[in-house]
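*Asks:* I would like to see how this sequence folds:
(4 chains)
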There are 2 protein chains.
Amino acid sequence: MPRPTRRPPVPPSAARQARLFAALGDPSRLRLVELLQGGDRAVHELAAWFQVSRPAISQHLRVLRSAGLVREDRAGRERRYRLEGREMRRAYEWIRRYERFWDERLRRLEATLERERAREEHSA
Amino acid sequence: MPRPTRRPPVPPSAARQARLFAALGDPSRLRLVELLQGGDRAVHELAAWFQVSRPAISQHLRVLRSAGLVREDRAGRERRYRLEGREMRRAYEWIRRYERFWDERLRRLEATLERERAREEHSA
DNA sequence: TTGACACGTTAGTACTTTCTTACCTATATT
DNA sequence: AATATAGGTAAGAAAGTACTAACGTGTCAA
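*Replies:* Predicted coordinates:
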């Protein structure tokens, strides 16, 4: 890793990805997402599972919405929320890049490929 | 989803998982993790990439450490940090439970299985 | 059309996070 | 031994977050 001569600000891609994780980084919001796993739900249905007030839930839903994790559909006087996979997938793929840090098999495979590569280089 | 009669507090499992996502929910910390992807690094090597002061980086590293995402090894006067896969894996597996929300193929498969199940039920 | 229900927004408060500066200890270098 | 390097910790300021109570709008039901 070459040391930088001028230190750039944290890149915007990291900032965006961080906002996504931050949206998941609250127990109530994480719970909301889990509750939505079973399908779409109205706000009052969701709020019934929590001790905090309904406005608090509304605010959490707003955070999830602006992170792109949920969508709102109006239906009569209800607003039904449902999970939106696109951003969740982004989170998933960010983390998957670290798979070798927990998958021993993958790490060994990488080491092997690295050795192969070095051998080719040597014989070339 | 049966409505709860008494609303329990957000379960501790959600709280723990949220702490993990919260640790990733900051641009600088996310960047630190990315920098550690290439192997272990000393604090001053990491800090060189940032505009914020070194103590700020120390503090971010502490957050990552208490979330279990990194480990510290002392080597002379340096402290080298490296990624720890275990907690990263927990985050990965939490998100993977939502795979069907972005994988159309998986969603169709689930629908098919559901129809099969319903048919068996009907003929039984 | 009056009342109840669903839900968002606002204002204000308490708490938490993030940063900097100052300072301290431990290790390496000369 | 004196000095430089590495890096953690503490205190305090500034900004952000999460909550509640109060209120407003739109929808349904009697």
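*Asks:* all contacts plus neighbour counts: C-alpha atoms, from now on.
*Replies:* Will do.
*Asks:* Give me the residue at the spatial middle of chain A.
*Replies:* Nearest residue to the geometric centre of chain A (C-alpha atoms, centre = their mean): A:Ala91, 3.1 Å.
*Asks:* Make sure that residue is actually in contact with A:Phe21.
*Replies:* Yes. In terms of C-alpha atoms under 8 Å, A:Ala91 counts as a neighbour of A:Phe21; the distance is 7.3 Å.
*Asks:* Let me know the secondary structure of the residue nearest to the centre of chain A.
*Replies:* Assigned with DSSP: H, G, I helix; E, B strand; the rest coil, A:Ala91 falls in the helix class.
*Asks:* for chain A, longest helix please?
*Replies:* Identified as the longest helix of chain A according to DSSP state H is helix A:104-123.
*Asks:* For that helix, name the packing helices and strands.
*Replies:* Contacting helix A:104-123 under the criterion 3 or more C-alpha pairs under 8 Å, 6 or more residues apart in numbering or on different chains; DSSP states H and E is no other helix or strand.
*Asks:* what is the mean pLDDT for it?
*Replies:* For helix A:104-123, mean pLDDT is 81.
*Asks:* wait, isn't A:Leu46 in contact with A:Leu32?
*Replies:* Yes. Using C-alpha under 8 Å, A:Leu46 is in contact with A:Leu32, at 7.0 Å.
*Asks:* The two: which is more packed in?
*Replies:* A:Leu32 (25 against 21; other C-alpha atoms under 10 Å in any protein chain shown).
*Asks:* check contacts around the nearest residue to A:Leu24 once chain neighbours are set aside.
*Replies:* Residue nearest to A:Leu24 in three dimensions, not counting chain neighbours: A:Leu30, with 5.4 Å by C-alpha to C-alpha, 6 or more residues apart in numbering or on different chains. A:Leu30 is in contact with A:Leu24, B:Ala14, B:Ala18, counting by C-alpha atoms under 8 Å, 6 or more residues apart in numbering or on different chains.
*Asks:* Distance of the last one relative to A:Glu104?
*Replies:* Separation of B:Ala18 from A:Glu104 (C-alpha to C-alpha, to the nearest Å) stands at 26 Å.
*Asks:* more crowded one of these two?
*Replies:* Counted by other C-alpha under 10 Å, B:Ala18 and A:Glu104 do not tie: B:Ala18 has more neighbours, with 25 against 11.
*Asks:* mean confidence score for stretch A:82-97?
*Replies:* 97.
*Asks:* count of neighbours near A:Ser28?
*Replies:* Counted with other C-alpha under 10 Å, A:Ser28 comes out at 24.
*Asks:* nope, A:Ala111 is what I meant
*Replies:* 12.
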